[in-house]
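Colleague: I would like to see how this sequence folds:
(4 chains)
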There are 2 protein chains.
Amino acid sequence: MKNLDESLLTDIPPFRKLQNAQIREILDSAIPKRFDAGVSVFEEGMDADRFYLLLDGHIRVIRTTPEGEQVIALYIASGQLFGLAPALGRKQYPATAMTADECLTLSWPTRIWPEFVAKYDGFATETYKIVGSRVDEMHSRIVEMATQHVEQRVACSLLRLINQTGKKVAKGVEIEFPITRQNISEMTGTTLHTVSRLLSAWQKAGIIVSGRRKITVIKPDELVLLTGAKA
Amino acid sequence: MKNLDESLLTDIPPFRKLQNAQIREILDSAIPKRFDAGVSVFEEGMDADRFYLLLDGHIRVIRTTPEGEQVIALYIASGQLFGLAPALGRKQYPATAMTADECLTLSWPTRIWPEFVAKYDGFATETYKIVGSRVDEMHSRIVEMATQHVEQRVACSLLRLINQTGKKVAKGVEIEFPITRQNISEMTGTTLHTVSRLLSAWQKAGIIVSGRRKITVIKPDELVLLTGAKA
DNA sequence: CGCCGTCTTGACTCGCCTCAACCTCGGTGG
DNA sequence: CCACCGAGGTTGAGGCGAGTCAAGACGGCG
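Modeller: Sure, this is the predicted structure:
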């Protein structure tokens, strides 16, 4: 457990300003853990006893309605902190974190959060920037849902996914974790049927290529047009 | 300007733990300002050079789409901090703050934010709790928009409004600032026509009483039923 | 090989948006 | 004091986007 390499953290904004010795300290107090695809790291309503850093893999942040429907609030890409409830004074996690593929995390007990903030210069600031960008993304989602049609929302979500977690490949940008039509419908507030129809149409139009749990965007600019960026 | 009363701040969470002398200091560095109804305190995209406390009145936080449609992200009630962009490392305001009625604010330059955080015990923690509750509310909005029908969303929004800013009156709870059908439609992602129809129906059913720019909820529990709280 | 999770496609239905006309206040100015 | 005007609100008719229902195809895994 003490053999984690310092280089794991040096490129991650909240830790970037720290000395090697400090990073050593932080790593030594971290618990690393591996998760299979499709399992939950923590669940909505659970006591927020730890906060996490995603070293590798992708995570879906999910809220479940009383009726059992799921809504995907956002995706976390590797290198990001998550489970930041303690930073916002929350005693419980407000949502479930579910792995989209195999994931590797570090985590620390909530109790030492104040210590991190006090002791490590720039940690708080950088972390709150992350929160800020998530707030911003949520804002955008609300506006999208309020004003745009399903087709535009799905296009927006795809673009967001390839921007945040896309991998450039031969003929386009591919989403590097398994994602189903159902997942996309849960991000956009629609049904898997409608998503399937849209993706089929876009595939015919040569904008994307998609297979089982896999989507590659060939012409991102065409997608941008579909989002309704007019005039 | 130096004659602001300390009692203004003593009941407001971020300042609650402070000594009178500290509150004096804070007040002395604040600029008070009055706003008419329907004007903007700051606008989306403006440099976030100040952060605010709403002493009296109500504020709408608005985002405008490229097409000029407006979406109301949330309402701020008196006693709340807003314009917290600096707390999240934002250089510009992510949304416009528009007064719903006559408003009284205090404000401080962004530049002294770090000083506030460092100097005043509990200030940061309490402020981030506010951010946390706003994030939570946005989360809920996203889930609502994704899963619920218009009628349910409007019911949810009304309930949220009376919980946050409702005033108990003779025969129910009234929203204490002017609000139009259009405003509600901008909160729920629908049209003023649909909102008008719904409110008419609810009025006939005796659930609410509404007039020009004014809504009073008579039977909140009936509204709760309409939100789809089943089983 | 058979099963299950994923994806596709068609047909039908209906909630809500759009279009349109009209009403009702409250404020303003002659 | 009243006529006017504009913002806010109401209500009907019609159409379409997208959800629902239904039936199957495809591909991977045990």
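Colleague: enumerate the residues of chain A near chain B.
Modeller: Contacts of chain A with chain B, taken as C-beta under 8 Å from any C-beta of the partner chain, map to A:63, A:65-67, A:69, A:71, A:73, A:85, A:87-90, A:94-95, A:125-126, A:128-129, A:131-132, A:134-136, A:138-139, A:141-143, A:145-147, A:186, A:188-189, A:228-231. C-beta: built from backbone N, CA, C; applies to glycine.
Colleague: out of these, which end up buried?
Modeller: When the residues of chain A next to chain B are checked for burial by 16 or more other C-beta atoms under 10 Å in any protein chain shown, the buried set is A:63, A:71, A:73, A:85, A:87-90, A:94-95, A:125-126, A:128, A:131-132, A:134-135, A:138-139, A:141-143, A:145-147, A:186, A:188-189, A:228.
Colleague: narrow the residues you listed to those in strands?
Modeller: In strands, defined here by DSSP state E, the members of those are A:R63, A:V71, A:A73.
Colleague: tabulate those residues (TSV), appending pLDDT and distance to B:T194.
Modeller: Output for those, formatted as TSV (pLDDT from 0 to 100; distance: C-beta to C-beta, whole Å):
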residue	pLDDT	distance to B:T194
A:R63	96	26
A:V71	97	23
A:A73	96	26
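Colleague: can you tell me which of those comes closest to DNA strand C?
Modeller: A:V71 (16.8 Å; C-beta to the nearest atom of the strand).
Colleague: isn't the closest one right next to A:E44, touching?
Modeller: No - A:V71 lies out of contact with A:E44 (C-beta atoms under 8 Å); the separation is 11.2 Å.
Colleague: how near is A:G166 to A:L159?
Modeller: Here A:G166 is placed at a distance of 9 Å from A:L159 (C-beta to C-beta, to the nearest Å).
Colleague: please say which of those two ends up with more neighbours.
Modeller: A direct count of neighbours by other C-beta atoms under 10 Å in any protein chain shown for A:G166 and A:L159 places A:G166 higher, at 21 against 18.
Colleague: give me the phi and psi for the more buried one.
Modeller: When quoted as degrees, to the nearest 10, the phi and psi of A:G166 stand at phi -80, psi 150.
Colleague: that one is in contact with A:I175, isn't it?
Modeller: Yes - with contact defined as C-beta under 8 Å, A:G166 and A:I175 form a contacting pair (6.4 Å).
Colleague: quick one: low-confidence ranges for chain A?
Modeller: For chain A, the stretches with pLDDT under 70 are A:1-2, A:229-231.
Colleague: tell me the secondary structure for A:I162?
Modeller: Under DSSP: H, G, I helix; E, B strand; the rest coil, A:I162 falls in the helix class.
Colleague: quick check, it in contact with A:V224.
Modeller: No - the pair A:I162 and A:V224 does not pass the contact test of C-beta under 8 Å, sitting 11.1 Å apart.
Colleague: which residues are common contacts for those two?
Modeller: Listed as contacting both A:I162 and A:V224 by C-beta atoms under 8 Å, 6 or more residues apart in numbering or on different chains is no residue at all.
Colleague: same drill for the two, tell me which one is more crowded.
Modeller: Shown here are A:I162 and A:V224; by other C-beta under 10 Å, A:I162 has more neighbours (21 against 13).
Colleague: burial measure for the residue nearest to that one when sequence neighbours are not counted, as a count.
Modeller: Sequence neighbours aside, A:V173 is the residue nearest to A:I162 in space, at 4.6 Å (criterion: C-beta to C-beta, 6 or more residues apart in numbering or on different chains). Counted with other C-beta under 10 Å, residues neighbouring A:V173 total 21.
Colleague: which SS state does A:V173 fall under?
Modeller: strand.
Colleague: quick revisit: what touches both of A:G166 and A:L159?
Modeller: Common neighbours of A:G166 and A:L159 are listed as A:V217 (criterion: C-beta under 8 Å, 6+ apart).
Colleague: so where do the strands sit in chain A?
Modeller: For chain A, the strands defined by DSSP E occupy A:31-35, A:40-42, A:50-56, A:59-64, A:70-76, A:81-82, A:96-99, A:103-109, A:166-169, A:172-175, A:208-211, A:214-217.
Colleague: pull up the pairing partners for the shortest one, direction included.
Modeller: It refers to strand A:81-82. With DSSP bridges as the test, strand A:81-82 is paired with strand A:50-56 (antiparallel).
Colleague: still on that earlier bit, any chance of the strands of chain A in CSV, plus distance to DNA strand D?
Modeller: CSV is the format used below for those (distance: least, C-beta to the nearest atom of the strand, whole Å):
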stretch, distance to DNA strand D
strand A:31-35, 18
strand A:40-42, 21
strand A:50-56, 20
strand A:59-64, 17
strand A:70-76, 13
strand A:81-82, 28
strand A:96-99, 17
strand A:103-109, 18
strand A:166-169, 18
strand A:172-175, 16
strand A:208-211, 8
strand A:214-217, 10
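Colleague: A:G89 against B:K129, yeah?
Modeller: Yes - taking C-beta under 8 Å as the definition, A:G89 is a contact partner of B:K129 at 3.7 Å.
Colleague: enumerate every residue touching the residue lying closest to A:G228 once chain neighbours are set aside.
Modeller: Distances taken as C-beta to C-beta, 6+ apart put A:Q152 closest to A:G228, at 4.8 Å, once the chain neighbours are dropped. Neighbour list for A:Q152: A:E144, A:L226, A:T227, A:G228 [criterion: C-beta under 8 Å, 6+ apart].
Colleague: now the last one: how far from DNA strand C?
Modeller: Just to be clear, that refers to A:G228. Per C-beta to the nearest atom of the strand, to the nearest Å, A:G228 is found 12 Å from DNA strand C.
Colleague: same check, this time on the first one
Modeller: As for A:E144, its distance to DNA strand C is 14 Å (criterion: C-beta to the nearest atom of the strand).
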